[in-house]
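Chemist: Okay, predicted coordinates and the sequence, questions at the end:
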Amino acid sequence: MSDYDRIARAMAYLVDRATTQPALEEIAAHVHLSPYHFQRLFCRWAGTTPKRFLQVLTLERSKELLDKSRSLLDVSHEIGLSGSSRLHDHFVQLEAVTPGEYKNKGKELRIEYGVHPTPLGPMFVAVTQRGVYRVEFMDFNYIEELLDDLRNAWPLSSIVESITSTHYVIDAFFSSDTAAKHGPLSLHVKGTNFQVAVWRALLKIPPGAVASYSQVATALNAAQSARAVGNAIGANPVALLIPCHRVIQHSGALGGYRWGPAKKLMVQTWEKMRDEPVSL
């Protein structure tokens, strides 16, 4: 088992057992390490301590987080298409597939893909010449299914494996130094006009904050279309970079997530922790 795998398993274990407050020794045993080595490994790969990660899981439940987000920003202004952009909006630039590209069915399109370990579990990344096309957690997917999806979407394209060409996407999200050096990250996504509008709105929700489905709908002047907004969010093809994990139900419940509610809670918690100083 790799170090990345151990940390991903440990995070999943913490999410699953947050209400029972497992001790360090119990978590370490789950990934077959001593408490000392597990503590150091977790801090190195996750960017925070197991104890702090567990605290956020139990103290920063969705309703509290949503209330805090309201005090930090005017949600309708912040995520509205006319609202001012924030750091994440500058970090990620979204371009939709053009009608011409769709008509050509991928002719002269080269798609490179790779599977990469991350602190949140293995992730599938696919990129084109124009940007990031797909990012998926591998928890509920097989590589052949994902490749079949690419072939069906772009039957005339060239699809090749390239860990080297896709690694920058993982670095851009998990390494702030690499992200700064790389500059804005371009996304090249395929969706309806409405889906693309929803995905653009999600880019304006700052890291560590959340918005409700109804708030996103209101920001898009589609207050009566919260369900359609939810469907568009559920169709998000680029995990993490299009932050659908930052949208929850108005009641404070997590809401759905393409890769499961446990993964959604794990991502929210990790994201909130990533900028905190680590103390051993």
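Modeler: The structure has been received and is ready for your questions. Numbers count the residues shown, from 1 in each chain.

Chemist: Leaving out sequence neighbours, find the closest residue to Q224.
Modeler: Nearest non-adjacent residue to Q224, counting by C-beta to C-beta, 6 or more residues apart in numbering: A217, 7.6 Å away. Every C-beta, even on glycine, is put in place using the N, C-alpha and C of the backbone.

Chemist: gap between N193 and A219?
Modeler: 16 Å (C-beta to C-beta, to the nearest Å).

Chemist: okay, the two: which has more neighbours?
Modeler: A219 (25 against 8; other C-beta atoms under 10 Å).

Chemist: who touches the residue nearest to Q224 in this structure?
Modeler: The contact partners of A217, by C-beta atoms under 8 Å, 6 or more residues apart in numbering, come to 223-226, 228-229.

Chemist: which secondary structure element contains it?
Modeler: Here A217 is covered by helix 213-219, with elements defined by DSSP states H and E.

Chemist: next helix or strand past that helix?
Modeler: Counting by DSSP H and E, the next helix or strand C-terminal to helix 213-219 is helix 226-234.

Chemist: Using PDB, write out every CA atom in that following helix.
Modeler: Output of helix 226-234 as PDB, limited to C-alpha atoms (Å, rounded to 0.1, in the frame of the first residue of the first chain):
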ATOM      1  CA  ALA A 226     -32.900  24.700  -8.200                       C
ATOM      2  CA  ARG A 227     -33.600  21.100  -9.300                       C
ATOM      3  CA  ALA A 228     -32.100  21.800 -12.800                       C
ATOM      4  CA  VAL A 229     -29.100  23.400 -11.100                       C
ATOM      5  CA  GLY A 230     -28.700  20.400  -9.000                       C
ATOM      6  CA  ASN A 231     -28.700  18.100 -12.000                       C
ATOM      7  CA  ALA A 232     -26.100  20.300 -13.700                       C
ATOM      8  CA  ILE A 233     -23.900  20.200 -10.600                       C
ATOM      9  CA  GLY A 234     -24.300  16.400 -10.600                       C
END
